[in-house]
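In: take this sequence and fold it.
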Amino acid sequence: MFATIIRNSVLLVKFIALLGLTLKPAPLQHLTDVADALVVAAERRKKTLSALNRCFVEPATDEYALADCFRASPWQAADVRAKVLHFLVRHALEVAEKLNLDKLIWLSLDDSLCEKDPGTKHLEGVDWHHDHNARAKKQASYKNGSVYVLLRLHLGWLEFTINWRVYLREKTVKALNKGRTKAERLSFRSKYELAQDMLEEVQPLLPKEGWTIYVLFDSWYSAYKLIRFIRRQGWHALGGLKANRNLNGKQLKRWFAEQRPTPAKRLSVPAAEGNRQTYWVYVLRGRLEHLPFDVCVLISRRHRGDKSPAYFFTTDLSLSPTQVLKGYGHRWGCEVDNFDVKVYLGLADYQLQKFAGVLRWHAAVFLTLAYLQWRRVRFRLAQPDGPVQSVPDVIAVHRREHLTSFIRAVAEAALETGSVRVVLHRFLRPAHAVT
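Out: All right, here's what the predicted structure looks like:
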C-alpha cells in the first residue's frame, strides 16, 4: 500500500486545536501526524510508528524522531486525557441543549485486554492478566498484555469515550518501582478505584440539577464502595452482580433456587442488532450487603431452562424490569469502542519499553477515537435524517479525503512537470519500504 497523506487533514487539525492542548510545536505536530496516520492505516495489520510514518508522501521527520516523541518527550499523557475529557463532555452537553435532547446521561465503565505476544517480556506494563471473558470454565485463562479501563458517555444519540486509565497489577507496580526515585514511583490502583477516579474527574463537568445520570458496569465493578460513591453524587447505579452477592442476608443463587418453581416474567427487550430479545425474569427488592439503601435485583434467564442466569441490579426503584435491561444494554457501546481502538486504531500495537511511552500511545489512540466520534456527530448534525455513521464509516470518509488529495497532487505534478518518471519518483516509494 502506498503513502497517501500529502498534508494533515484539515478537520483533524481543527479538532486538535479545539482541544486546547498545551504541547510544544514539535510534539503537537508528531501527535497530529500519528492520529492522522492511524486513521489512514486502519486496514493495516500492524500500526507501528515506522509504518505510520510511511503513510506520508513526504514525512516531516523520520521514525526515530517520531519514536522519541513517545519515549523521551516531556509531554504528559494525563494532560491530553484531561483536555479530551473536558472538550467531549462540554461538546455533548452543548449539542444536547441545542437539540433539546432528554436530560438523561448514561456513563458506562468497562475494561479490556490489549493482548501481546506470549514472549513479550521487556515492555513495562505488559504482564499476564486473567481473561475473565475466556470461555474455559474449569481452569483460569491468562493472557500476556496490558489492561485499560474506559469511561463512556451516552446522551441521546451522542456517544463518546471520554476517559481511560491503564491498569497495572500490584505485582507489576512493585517491579516497576524498583530503582525509581520517590517522586517517580507509581501507586497501585485497583480497577474499581480507577473507575472511581474517572467518575470523580467527570463529576464537576456534569450538570448538577434537572438531569438523571446512570452509571453502568458489569459484575466485576459492583463493589459496594463504588456504588455508595455513585449514590453520594446523586446518580444511580445500574449493573451486573455475581451469584454470591448477598441480598437480605441470602446469596442470589439461593434466591434463584427458591424462585425457580414459580412463574417468571416474560420480557421483550430491544437488542443491539435492532431485533428484540426475550428474557424470563424474577424481580427482587431489598438490601445488598454493606449498602444502606434498597435496590431492585433482577434474576434473568435467556430461556426457561437456563440454569445459569444473569443477575442485575439498580438503585433506581422507579425503573421497570424492562427499563433496567434496556438501560444495561447501553453498555454495548463499550464493546464497540474496544473493538475499534484495538482493531482499527492499533491500541495494542505499541512497541515502547517505558511505561510513560505506553501511556502516551494510549493518549494518541484515544485522541484519534475522540476525533472520529466528533466527526460522527458533525455528520449527524449536517444530515439529521441521514443514516447513523459508525466509526468505520468515518474512517472510510477520512481515507477517501486523503486519497482525493493524493490523486489531485499527482495530477497537478504531472501537468507541471510533464514527466512520468518525476511523478513516480516523488509519489511512489520502493516496494521494500511499503508495509
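In: check contacts around the residue nearest to residue 22 when sequence neighbours are not counted.
Out: Spatially, and ignoring its direct neighbours in sequence, residue 22 is nearest to residue 79 (6.6 Å; CB to CB, 6 or more residues apart in numbering). Yep, even glycine has a C-beta here, placed from its N, CA and C like the rest. If a contact means CB atoms under 8 Å, 6 or more residues apart in numbering, then residue 79 has 21, 22, 23 as its contacts.
In: and these, which are buried?
Out: Neighbour counting by 16 or more other CB atoms under 10 Å classes 21, 23 among those as buried.
In: adding secondary structure, write the contacts of residue 79 out as TSV.
Out: Converted to TSV, the contacts of residue 79 look like this (DSSP: H, G, I helix; E, B strand; the rest coil):
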residue	secondary structure
21	coil
22	coil
23	coil
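In: out of the contacts of residue 79, which is nearest to residue 335?
Out: Residue 335 has its nearest neighbour among these in residue 21, at 29.1 Å by CB to CB.
In: gap between the closest one and residue 257?
Out: According to CB to CB, to the nearest Å, residue 21 stands 56 Å off from residue 257.
In: residues contacting stretch 324-343, please?
Out: In contact with stretch 324-343 (CB under 8 Å, 6+ apart) are residues 106, 108-110, 112, 114, 150, 152, 154, 159, 161, 214, 216-218, 238-240, 267, 269-272, 279, 281, 296, 298, 300, 312, 314, 319, 347-348, 365-366, 369, 372, 390-392.
In: out of the residues you listed, list just those in strands.
Out: The strands, defined by DSSP state E, take in 106, 108-110, 112, 114, 150, 152, 154, 159, 161, 214, 216-217, 238-240, 267, 269-270, 279, 281, 296, 298, 300, 312, 314 from the contacts of stretch 324-343.
In: going by neighbour count, which of these are buried?
Out: Among these, those buried by neighbour count (16+ other CB under 10 Å) are 106, 108-110, 112, 114, 150, 152, 154, 159, 161, 214, 216-217, 238-240, 267, 269, 279, 281, 296, 298, 300, 312, 314.
In: what are the phi and psi values for residue 7?
Out: phi -150, psi 160 (degrees, to the nearest 10).
In: I'd like the distance between it and residue 378.
Out: From residue 7 across to residue 378, the span is 20 Å (CB to CB).
In: how about residue 127, phi and psi?
Out: The phi/psi pair for residue 127 (degrees, to the nearest 10) reads phi -150, psi 180.
In: please renumber so the chain begins at 26
Out: Noted, 26 is the first residue going forward, which turns the last one into residue 152.
In: how many residues are close by the residue lying closest to it once chain neighbours are set aside?
Out: If the residues on either side of it in the chain are set aside, residue 152 comes closest to residue 197, at 4.7 Å by CB to CB, 6+ apart. By other CB atoms under 10 Å, the residues close to residue 197 number 20.
In: next: residue 358.
Out: 20.
In: can you show me the helices along the stretch 276-425 of the chain?
Out: 277-284, 346-353, 357-364, 380-407, 416-442 (DSSP state H, counting those that start in this stretch).
In: which of the ones you listed sits closest to residue 212?
Out: helix 380-407 (12.8 Å).
In: list the buried residues for the closest one?
Out: Across helix 380-407, burial judged by 16+ other CB under 10 Å covers 380-402, 405.
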